[in-house]
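Asker: Predicted model and sequence follow; I will ask about them next.
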Amino acid sequence: MIILFSTKPTLSAGFEDKTSTISIKIDGVKDFTYEEMKLATNNFNVSTQVGQGGYGKVYKGILADGTVVAIKRAQEGSLQGEKEFLTEIELLSRVHHRNLVSLIGYCDDEGEQVHP
């Protein structure tokens, strides 16, 4: 699963994930395809990696519309399940602070746990 973050404000728009086993609808949070994440990070190239933690790696990415994002990708074998991932997405969608980046979307394609 992949989670995407942006430092720029985003427009509110509802969505329903059509390619994932997760089914959520949160205003302002978009579902991204795994292909979009690969494209944004040059196939998760090591040169785009900006950090790493117990959960996985963080990459700098550029979306097709030019938005620069941080993309958090779970490492293989991560113990975070879909319920925990969904909880994290819901929580991050509600957290707003001037010193924190904003959640703009997630990807749960092909067994990946990613959010930009």
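Answerer: That came in fine, so what should we check first?

Asker: partners of Y59 in the sheet?
Answerer: Q49, I71 (DSSP bridges).

Asker: how about the strands in the protein?
Answerer: 2-6, 30-31, 49-52, 56-62, 68-74, 102-107, 114-115 (DSSP state E).

Asker: of all those strands, which gets the most neighbours per residue?
Answerer: Comparing the strands of the chain by mean neighbour count (mean count of other Cβ atoms under 10 Å), strand 114-115 comes out on top with a mean of 28. Using the backbone N, CA and C atoms, a C-beta is placed for each residue, glycine as well.

Asker: Could you give the average pLDDT over it?
Answerer: In this model, strand 114-115 has a mean pLDDT of 62.

Asker: Just the buried residues of the longest helix seen in the chain, please?
Answerer: For the chain, the longest helix by residue count, based on DSSP state H, is helix 82-94. By neighbour count on 16 or more other Cβ atoms under 10 Å, the buried set for helix 82-94 is 85-86, 88-89, 92-93.

Asker: Compute the inter-axis angle for that helix and strand 68-74.
Answerer: Orientation check (axes from the mean of the first three to the mean of the last three Cα atoms, to 10 degrees): helix 82-94 against strand 68-74 gives 160 degrees.

Asker: what about dumping the CA coordinates of helix 82-94 to CSV?
Answerer: Provided in CSV are the C-alpha atoms of helix 82-94 (Å, rounded to 0.1, in the frame of the first residue of the first chain):
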residue,chain,number,x,y,z
GLU,A,82,-5.6,-3.7,5.6
LYS,A,83,-7.5,-2.7,8.7
GLU,A,84,-4.5,-0.8,10.1
PHE,A,85,-3.8,0.7,6.7
LEU,A,86,-7.4,1.9,6.4
THR,A,87,-7.3,3.3,10.0
GLU,A,88,-4.1,5.2,9.1
ILE,A,89,-5.6,6.6,5.9
GLU,A,90,-8.7,7.8,7.8
LEU,A,91,-6.7,9.4,10.6
LEU,A,92,-4.2,11.1,8.2
SER,A,93,-7.1,12.5,6.2
ARG,A,94,-8.4,14.3,9.3
